[in-house]
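Q: got a structure for you, letters missing:
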Ligand SMILES: NC(=O)C1=CN([C@@H]2O[C@H](COP(=O)(O)OP(=O)(O)OC[C@H]3O[C@@H](n4cnc5c(N)ncnc54)[C@H](OP(=O)(O)O)[C@@H]3O)[C@@H](O)[C@H]2O)[C@@H](O)CC1
Ligand SMILES: Nc1ncnc2c1ncn2[C@@H]1O[C@H](COP(=O)(O)OP(=O)(O)OP(=O)(O)O)[C@@H](O)[C@H]1O
Ligand SMILES: [Mg+2]
């Protein structure tokens, strides 16, 4: 339907007002230090009176035959940031590979893909039980949910329909238990197909890259992203999803909960190797748990999830910066993960 000139002018006017409104709420560079201070406030003290698990039990749902690095990066980053236990719930074919990367991860081969895309383990008993009865994958993860503080859903998941149906069930079970969820990568593909899955869920954080953001925006707002108005676009997507927190990654990360917009421009580098987003989502899983535990008193009234997201963005970019100083063009995500401890100390333990 063609727009009348008057209708077009009203829309343009509304866009200008919305932009001005959102920009007023954008953090200036000098506010970055204040926000980093809020991140420092949510970090739990290390104490000899605590027991294993108290500083975080995080689950990563992801990993299929093609992608084993992404869930590994997310889960090991959660541990390096300070979680006590890190679980990976993945497809059978991915499990031995992920286990071989690290003895520190607890790996559950509970997801399955359509058409026997499960590699050498496809004939084992667990796989047959799961592949003949799709809900049991959800049951397998649900058994662990009461013991988990946060889930990171999507790194290396792939887009197999059956596998995504498992994940839909896992998301529904997590919401029913009020468990915080960070949704990334192929988890965002699922949300773009079914935005109702996380609509209005106040403990969800979405971490789209450029492509994932466009896909989500188009699915939810039924139109293309205004590339001249990144702040407004992130704000509008968050609002349309019922104030779910959205982190749009890029040259600068733009974060919004539909009320406030933060910008993270912590210095990183020009090295764009794959896996940096996985480091971010795994770190965010821990920080979301810490932020919700600390509550809004510690975040000075700001949304705990926004503060957590700002912390994860700053940390990832600082790891990138430090790794690049040492390795230059050959920097990989493993080099960045090796910097998590030093980057964390520099940003948050000053
Ligand atoms: N080691 C592993 O196991 C890793 C596995 N991973 C896993 O891979 C799976 C798929 O994830 P994904 O991000 O590759 O998928 P998707 O959303 O289709 O985007 C791909 C396309 O988007 C574009 N594009 C991206 N950024 C852009 C930009 N700024 N500006 C413009 N365009 C941009 C770009 O298009 P191109 O330039 O190629 O035309 C690119 O090809 C997922 O499971 C993930 O977790 C990764 O985590 C990495 C480490
Ligand atoms: N142009 C850029 N300049 C500086 N930092 C960037 C740039 N683009 C992305 N980043 C940073 O890289 C990190 C990962 O973002 P990216 O867009 O690469 O995610 P991703 O595509 O999901 O990564 P992955 O390869 O893990 O899937 C974020 O911390 C983001 O701030
Ligand atoms: Mg990604």
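A: Perfect, I can see it now. These numbers come from a predicted model, not from an experiment. Ligands and ions are numbered 1, 2, ... in the order given.
Q: only C-alpha atoms for contact and neighbour calcs from this point on.
A: OK.
Q: list the contacts of stretch 153-160.
A: Outside of stretch 153-160, the residues within contact range by C-alpha atoms under 8 Å, 6 or more residues apart in numbering are 60-64, 66-71, 74, 90, 113-114, 163, 181-189, 278.
Q: which ones among the residues you listed are found in helices?
A: Filtering these for membership in helices, criterion DSSP state H, returns 69, 70, 71, 74, 163, 185, 186, 187, 188, 189, 278.
Q: re earlier: which of the contacts of stretch 153-160 are buried, as a PyMOL select command?
A: Those of the contacts of stretch 153-160 that count as buried under 16 or more other C-alpha atoms under 10 Å are selected in PyMOL with:
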select buried, resi 60+61+62+63+64+67+68+69+70+71+74+90+113+163+181+182+183+184+185+186+187+188+189+278
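Q: point me to the residue of the stretch 201-350 of the chain nearest ligand 3.
A: Closest to ligand 3 within the stretch 201-350 of the chain is residue 277: 4.7 Å, counting by C-alpha to the ion.
Q: let me see the contact set for that residue.
A: Under the criterion of C-alpha under 8 Å, 6+ apart, the neighbours of residue 277 are residue 209.
Q: just checking, what packs against the host helix or strand of residue 311?
A: Using DSSP states H and E, residue 311 sits in helix 304-327. Helix 304-327 is packed against helix 29-42, strand 245-248, strand 253-256, strand 261-264, helix 276-294, helix 333-337, helix 340-348, with contacts defined by 3 or more C-alpha pairs under 8 Å, 6 or more residues apart in numbering; DSSP states H and E.
Q: could you check the angle the first one makes with helix 340-348?
A: Using axes from the mean of the first three to the mean of the last three C-alpha atoms, to 10 degrees, the inter-axis angle of helix 29-42 relative to helix 340-348 is 120 degrees.
Q: returning to what we had before: in a markdown table, list the helices and strands packed on helix 304-327 along with mean pLDDT.
A: Supplementary listing: the helices and strands packed on helix 304-327 in a markdown table, determined by pLDDT from 0 to 100:
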| stretch | mean pLDDT |
| --- | --- |
| helix 29-42 | 89 |
| strand 245-248 | 98 |
| strand 253-256 | 98 |
| strand 261-264 | 97 |
| helix 276-294 | 98 |
| helix 333-337 | 98 |
| helix 340-348 | 98 |
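Q: adding distance to ligand 1, write the ones you listed out as JSON lines.
A: Putting the helices and strands packed on helix 304-327 into JSON lines (distance: least, C-alpha to the nearest ligand atom, whole Å) gives the following:
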{"stretch": "helix 29-42", "distance to ligand 1": "22"}
{"stretch": "strand 245-248", "distance to ligand 1": "10"}
{"stretch": "strand 253-256", "distance to ligand 1": "11"}
{"stretch": "strand 261-264", "distance to ligand 1": "16"}
{"stretch": "helix 276-294", "distance to ligand 1": "6"}
{"stretch": "helix 333-337", "distance to ligand 1": "9"}
{"stretch": "helix 340-348", "distance to ligand 1": "18"}
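Q: what lines up beside the helix or strand hosting residue 152 in the sheet?
A: Taking DSSP H and E as the definition, one finds residue 152 inside strand 150-153. Neighbouring strands of strand 150-153 in its sheet, by DSSP bridges, are strand 57-61 (parallel), strand 181-183 (parallel).
Q: just so I know, which of those strands lies nearest ligand 3?
A: strand 181-183 (10.1 Å).
Q: ok now the closest one, how far from the chain's centre?
A: Taking the mean C-alpha point of strand 181-183 and that of its whole chain, the gap between them comes to 5 Å (C-alpha atoms, centre = their mean, to the nearest Å).
Q: now stretch 158-177
A: 15 Å.
Q: do that stretch and ligand 2 meet?
A: No - counting by C-alpha under 6 Å from any ligand atom, ligand 2 is not contacted by stretch 158-177; separation bottoms out at 11.8 Å.
Q: give the buried residues for that stretch.
A: Taking 16+ other C-alpha under 10 Å as the neighbour-count basis, stretch 158-177 is seen to contain the buried residues 158-159, 162-171, 173-175.
Q: and stretch 191-199, by the same measure?
A: Along stretch 191-199, the positions that meet the burial threshold by neighbour count (16+ other C-alpha under 10 Å) are 191, 192, 195, 197, 198, 199.
Q: sort out which residues of the helix holding residue 311 are buried, please.
A: Buried residues in helix 304-327, counted by 16+ other C-alpha under 10 Å: 304-324.
Q: is ligand 1 within reach of that helix?
A: No - with C-alpha under 6 Å from any ligand atom as the measure, helix 304-327 is seen stopping short of ligand 1, the closest distance being 13.9 Å.
Q: what angle separates that helix from helix 276-294?
A: In terms of direction (the same axes, to 10 degrees), helix 304-327 departs from helix 276-294 by 140 degrees.
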